[in-house]
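Visitor: heads up, no residue letters with this:
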């Protein structure tokens, strides 16, 4: 009986390996400009490489994107900004679903990050600055308002067809 189990396992492995080798020549083409790529589109890679090269290693970055589109409307495990920029994040991605919602502190970070990308306010900018954020990575796919200027609260330092990188202005809190 154990001989049958071992033979079955080996046979299954050989069949799987043969299928992988047979399919190597038939790989699906990948659109490198697709903003939903888990590895990032060429636009994401360019923007985040720019951020890595033009920011300090200890800078904190916020983003308005938390999701990977997929079977569900949002798989909240999008970690591209930290992965490619090598910078600390205010909050990015997560493991949130209906059974595990973000804590109030996490929800506040998400709120102010998204708010800045959509319609920045003085209060929200001060909150981000108080949490050591100096850069915002605005992913247009996650944005609803379509704004492309964050003045007077931040200056766009880099932009392309998928994202803007905004440097926060230092403003005094009241």
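Guide: Yep, that arrived. Worth saying up front: this structure is predicted, and the values here are computed from it rather than measured. Residues are numbered from 1 along each chain as shown.

Visitor: Every contact and neighbour count from this point should use C-alpha atoms.
Guide: Will do.

Visitor: Quick check: which element contains the residue nearest to residue 90 when sequence neighbours are not counted?
Guide: Leaving aside its chain neighbours, residue 90 sits nearest to residue 62 (5.2 Å; criterion: CA to CA, 6 or more residues apart in numbering). According to DSSP states H and E, residue 62 maps onto strand 60-63.

Visitor: buried sites along the following helix or strand past that strand?
Guide: Next helix or strand after strand 60-63 toward the C-terminus (DSSP H and E): helix 80-85. In terms of neighbour count (16 or more other CA atoms under 10 Å), helix 80-85 has its buried residues at 80, 81, 82, 84, 85.

Visitor: can you give me the strands in this structure?
Guide: 60-63, 88-89, 133-139, 154-159, 163-168 (DSSP state E).

Visitor: ok, residues contacting the second one?
Guide: Which is strand 88-89. 58, 59, 60, 61, 62, 82 (CA atoms under 8 Å, 6 or more residues apart in numbering).

Visitor: cool, the third one as well?
Guide: Under the criterion CA under 8 Å, 6+ apart, residues 59-65, 81, 90, 113, 117, 128, 162-168 lie in contact with strand 133-139.

Visitor: Please report how far residue 56 lies from residue 46.
Guide: Note on residue 56: its distance to residue 46, by CA to CA, to the nearest Å, is 17 Å.

Visitor: Residue 143 versus the nearest residue to residue 166 once chain neighbours are set aside, what's the distance?
Guide: Leaving aside its sequence neighbours, residue 166 sits nearest to residue 156 (CA to CA, 6+ apart; 4.3 Å). Distance, residue 156 to residue 143, using CA to CA: 16 Å.

Visitor: Ok, residue 131 next?
Guide: Here residue 131 is placed at a distance of 22 Å from residue 143 (CA to CA).

Visitor: In terms of neighbours, single out the busier of these two.
Guide: Taking neighbours as other CA atoms under 10 Å, residue 131 and residue 143 compare with residue 143 leading, 16 against 12.

Visitor: who's in contact with the more buried one?
Guide: 64, 117, 118.

Visitor: so which of those is the most crowded?
Guide: Going by other CA under 10 Å, residue 117 tops the contacts of residue 143 with 28 neighbours.
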